[in-house]
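Peer 1: here you go, sequence then predicted model.
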Amino acid sequence: MGIIKILGQGLTTTARKGRVLAFLWPVYLLFALFVVAPFYFLLQSQFSRSLLGEKLFAGVDLLWIGDLVYKYQEMPPLLIGCLLGTSLLFLVLLAFLNGGIIGRIAAAEEKVTFRNFFGDCGRYFGRLFRVFLLSLVGYFLVLGILGRLVSIPFRAWSKGASTQWTTLISSSLRLLVFLLLFSIIKMFFDYVKVALVADDSRKAFRATLRNFRFLGRRFFKAWALFLIVGLLFVLTTLVYLAVAKALPKAGLGPVLLFLWQQAYFLVRLWVGVLFFTTEYHFLKAHQPPA
C-alpha cells in the first residue's frame, strides 16, 4: 500500500478519533499551570503592592535587581533541579497519555470516551514507560555518540571558513542532520509503542528488536511518511508565527494572541495524533497475516 493512501487513512482515523483532543488539552494545560505556578507566586510575593516592583518594571530602580539576585543566590541549582524534574515528569506524563491515544486508535470501532481513554492510559503505561527508558539509550547512542562523529566534518568546515556565510551554512546543515537523526529515533520508538498496543504485547525489549527487522525492510517508506506528517507540523508552525506577528500588541491583541496560541496548540496535538494513526495503518498494512 502506498504512503499517500496510508496518509489518507491516517487523516480519516484522526478525524474520527478527534475527541482525544478534548482530554489531552486540559491535561497539558493543568500541567503547564503546575509548572508555572511556583514562579508566578514568587514574582507575586515580590511585586504585588510594591512601589519598588513598579519602579523595576518602569526601568528606574535597577539596584533592586541586585537585591533580588543576592536574596535568591542559592536558587539557580534549585531552578535547574526543578527544570530537570518537570522535564522528566512531562516525559512520564507523555508515556501515560500515549497509551490512551494509541489504545483508542487501535480500538477502531469504539468511540472515544473519558473512561476508555484514561483506561487505556493506565493499561498501557507500564509497557510504554519501558519503551521510554529504552528510547533514552537510543537517543544517547545516536545523538550523543553518532551525532558527535557526524558533526566533526562540519566543525572542521567551520574552522576553515573564510566568510560568515560558510559558517552559517555549516551550522545550518549540522542542525538539519541532527533533526533528521532525531526524526529517525522518534519514528523508530513510535513504531515500538504502536506495535506493543496493536499486538497487546508487554515485552518492550522484544518488540524493539522485532522493530529493527520490520523497519529495516521498509525504512525509507516509513521515514517518508513520517517526514510528510512532520512537514505538516512545520507548515502549521510557520502559519502560526506569521499570524502571531501580525496581531496587534495593544487592545484586544493579547486576547487574540492567547486564543491563537490555544488554536495552534490544538493543531499540534492533532498532528501528534496523526503521527500515531499513520504509523498504526502503516504497521497494519505491512504486517504479515497472523
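Peer 2: Good, I have the coordinates. None of these values were measured; they are calculated from a predicted model.
Peer 1: and the helices in the stretch 1-150 of the chain?
Peer 2: If DSSP state H, counting those that start in this stretch is used as the criterion, the helices of the stretch 1-150 of the chain fall at 3-16, 20-47, 51-58, 63-71, 75-106, 114-139, 147-159.
Peer 1: output the contacting helices and strands for the fifth one.
Peer 2: Contacts defined by 3 or more CB pairs under 8 Å, 6 or more residues apart in numbering; DSSP states H and E place helix 75-106 against helix 20-47, helix 114-139, helix 164-198, helix 253-286. Backbone N, C-alpha and C define where each C-beta goes, glycine included.
Peer 1: what is the mean pLDDT for it?
Peer 2: Mean pLDDT, computed over helix 75-106, is 85.
Peer 1: repeat that for the last one.
Peer 2: Helix 147-159 comes out with an average pLDDT of 77.
Peer 1: which residues of the chain score low on pLDDT?
Peer 2: 38-81, 160-162, 288-290 (pLDDT under 70).
Peer 1: longest helix in this protein, please.
Peer 2: helix 204-246 (DSSP state H).
Peer 1: elements contacting that one?
Peer 2: Checking 3+ CB pairs under 8 Å, 6+ apart, helix 204-246 ends up next to helix 3-16, helix 114-139, helix 164-198, helix 253-286.
Peer 1: need these in a markdown table (columns: mean neighbour count and distance to Leu247).
Peer 2: As requested, the helices and strands packed on helix 204-246 are exported to a markdown table (neighbours: other CB atoms under 10 Å; distance: least, CB to CB, whole Å):
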| stretch | mean neighbour count | distance to Leu247 |
| --- | --- | --- |
| helix 3-16 | 17 | 28 |
| helix 114-139 | 17 | 34 |
| helix 164-198 | 17 | 28 |
| helix 253-286 | 17 | 5 |
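Peer 1: dump the ones you listed to a markdown table, plus distance to Leu231.
Peer 2: Converted to a markdown table, the helices and strands packed on helix 204-246 look like this (distance: least, CB to CB, whole Å):
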| stretch | distance to Leu231 |
| --- | --- |
| helix 3-16 | 11 |
| helix 114-139 | 22 |
| helix 164-198 | 11 |
| helix 253-286 | 10 |
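Peer 1: so for Leu225, which of those helices sits nearest?
Peer 2: Closest approach to Leu225 among those (CB to CB): helix 3-16, 4.4 Å.
Peer 1: ok, the closest residue in space to Thr208 that isn't next to it in sequence - contacts?
Peer 2: Nearest residue to Thr208, sequence neighbours excluded (CB to CB, 6 or more residues apart in numbering): Val192, at 5.2 Å. Val192 makes contact with Val131, Leu134, Ala204, Ala207, Thr208, Asn211 under the criterion CB atoms under 8 Å, 6 or more residues apart in numbering.
Peer 1: now, which of these sits nearest Val273?
Peer 2: For the contacts of Val192, the nearest to Val273 is Val131 (17.9 Å; CB to CB).
Peer 1: just to check, the closest one is in contact with Lys193?
Peer 2: Yes. Between Val131 and Lys193 there is a contact at 5.5 Å, judged by CB atoms under 8 Å.
Peer 1: please determine how far Ser183 is located from Arg127.
Peer 2: Counting by CB to CB, to the nearest Å, the separation of Ser183 from Arg127 is 23 Å.
Peer 1: an error on my part: the question was meant for Phe219.
Peer 2: 24 Å.
Peer 1: can you redo the helices and strands packed on helix 75-106 as TSV with distance to Thr12?
Peer 2: Rendered in TSV, the data for the helices and strands packed on helix 75-106 read as follows (distance: least, CB to CB, whole Å):
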stretch	distance to Thr12
helix 20-47	15
helix 114-139	19
helix 164-198	17
helix 253-286	8
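Peer 1: so which of those gets nearest Ala108?
Peer 2: helix 253-286 (9.2 Å).
Peer 1: returning to that earlier point: quick check: angle from the longest helix of the chain to helix 253-286?
Peer 2: 150 degrees (axes from the mean of the first three to the mean of the last three CA atoms, to 10 degrees).
Peer 1: any idea of the angle helix 204-246 forms with helix 114-139?
Peer 2: 100 degrees.
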